[in-house]
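Colleague: okay, sequence plus prediction incoming.
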Amino acid sequence: MKTKNIFHMASLAGLLAVLACTSCSKHKEPENQAQAAAKRQTQESFSATRTGAIVDLEWTYDLSVYKSAELYKNATGQSNDRDRVSVLKSGEKHYKDTLIEPRAYYYWLKVTLPDGSDENIGPIRVKPDEKGIGNYPHITRQYPWSVFRNYKTATISWAFPEARYDYIKVIRSPSPDPLGYRNRGVEVYSTMEWKESIVDTFPDPDSDYWYRIEIKISDGPVIRQGPIAPDVNP
């Protein structure tokens, strides 16, 4: 009889332990199910395939659990200098991007969680078009610009195709580094006007300077040209 009581007490203790465990798990379950689902997507994939100038991007992430999702890219892989490619819709699973040059590029998915915090997925790298099978525009012909200098100033002029631009930036640098790895330079002018001429005054007339230009076409790519050293005015 004593043995039966011990058995019943052990069974009751086991049942209480199970109920207690179930109750604990319920209390630990996050209230925000969308946020929990977003954070659980650690095994999802993000990939890119390049064919010449065309890059096919695919992902298995469910973007509907996020407040927003955007696609970014650049040619350096550095996250502090990226160009936004597109604002993605919640049901999108792929995107086709067109590159304007054969070098390698990096892509990110930037997602905003329901609590407002941001997460970056990537970067993923697409290889350069080493076989040269892509059809790339001759940028210098489509977006001509020039820089002339005298002793104290430089005159920067451009006449681009008449279109909508998010910005056209002129950057001056003491270095001829093409992407500004060592020195990002100074943005001396920004506009949306497709045809213009500006005058920039040198900080030190006895020094050499190089200029770059960044062109962001609305709903299109970012085009970077330069650096070029100013030609001397005759």
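Modeller: Alright, I've got the coordinates.
Colleague: going by C-alpha atoms from here, please, whenever you check contacts or count neighbours.
Modeller: OK.
Colleague: which residues does residue 72 bridge with?
Modeller: Counting by DSSP bridges, residue 72 forms beta bridges with residue 84, residue 108.
Colleague: residue 212 too?
Modeller: residue 171.
Colleague: thought residue 229 was touching it, still the case?
Modeller: No. Residue 212 is not in contact with residue 229 according to Cα atoms under 8 Å; the separation is 9.3 Å.
Colleague: between the two, which has more neighbouring residues?
Modeller: residue 212 (24 against 20; other Cα atoms under 10 Å).
Colleague: residues contacting the residue nearest the centre of the chain?
Modeller: Nearest to the mean C-alpha position of the chain, by Cα atoms, centre = their mean, lies residue 72 at 2.4 Å. Shown in contact with residue 72 (Cα atoms under 8 Å, 6 or more residues apart in numbering): 82, 83, 84, 85, 86, 107, 108, 109, 110.
Colleague: most surrounded residue in the residues you listed?
Modeller: Of the contacts of residue 72, with other Cα under 10 Å as the count, residue 107 tops at 26 neighbours.
Colleague: contacting residues for that one?
Modeller: Applying Cα under 8 Å, 6+ apart, the residues near residue 107 are 71, 72, 73, 74, 122, 123, 124, 125.
Colleague: do you know how far it is from residue 220?
Modeller: Distance check for residue 107 against residue 220: by Cα to Cα, to the nearest Å, it reads 16 Å.
Colleague: now the end-to-end length of stretch 155-170.
Modeller: Termini of stretch 155-170 sit 11 Å apart (Cα to Cα).
Colleague: then stretch 53-65?
Modeller: 32 Å.
Colleague: residues near residue 64, how many?
Modeller: Applying other Cα under 10 Å, we find 14 residues neighbouring residue 64.
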